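**Q** Just a sequence and a predicted model for now, questions to come.
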Amino acid sequence: MKHSVKIISAIVILFMGIYEAKAQNSSVTIGGTETISDAVLWLIPNGNDGKQGMILPVTEKDGFVPSMVGMIIYDPSDSTVYLWSGNAWQGLNGSDGTSDNWGEQIVLTDSLLTGEGTPSSPLTIASQGASSGEVLKWNGTTW
């Protein structure tokens, strides 16, 4: 009898371990009860009329080399959010030249190309001598 109790206890402990391991692979929701299977963490604002933010880890990137790709921090020394690429911090506001800086680009234009590339001033290519219905073809140096 003692032997069968030990076996049953071992089986129960084994199943509890398996259940615990599965629970560690599920998603966590803070602020609600729903979960999203492909999200590890879901933060749902539930106070202040849903107007809440998340505070990222605050640290200076200089001298900090994470062990995992994808870590995100806020560096107060330059007020920038950074993403660790595996070998360098990439600023998410375009301050380091590696990420998008929409709104700061300029379009170089001349008599053949006009406009700013915006909805109110789209880019326009001059006809280059083509008539209506003809297609411009680039030969490597000219149209």
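**A** Arrived safely, thanks for sending.
**Q** Which residues are in contact with residue 41?
**A** If a contact means CB atoms under 8 Å, 6 or more residues apart in numbering, then residue 41 has 27, 28, 29, 30 as its contacts. For the C-beta atoms, the positions are set from N, CA and C on the backbone; glycine is no exception.
**Q** Could you check how far it is from residue 31?
**A** From residue 41 across to residue 31, the span is 11 Å (CB to CB, to the nearest Å).
**Q** hmm, back to that, how about JSON lines for the contacts of residue 41, with neighbour count added?
**A** What follows is the contacts of residue 41, written out as JSON lines (neighbours: other CB atoms under 10 Å):
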{"residue": "27", "neighbour count": "13"}
{"residue": "28", "neighbour count": "10"}
{"residue": "29", "neighbour count": "15"}
{"residue": "30", "neighbour count": "11"}
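**Q** Identify those among the residues you listed that sit within strands.
**A** 28, 29, 30 (DSSP state E).
**Q** pretty sure the first one is touching residue 40, no?
**A** In other words, residue 28. Yes: with contacts counted by CB atoms under 8 Å, residue 28 reaches residue 40, the gap being 6.9 Å.
**Q** Redo the ones in strands among the contacts of residue 41 as a markdown table? Include pLDDT.
**A** What follows is the ones in strands among the contacts of residue 41, written out as a markdown table (pLDDT from 0 to 100):
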| residue | pLDDT |
| --- | --- |
| 28 | 86 |
| 29 | 86 |
| 30 | 87 |
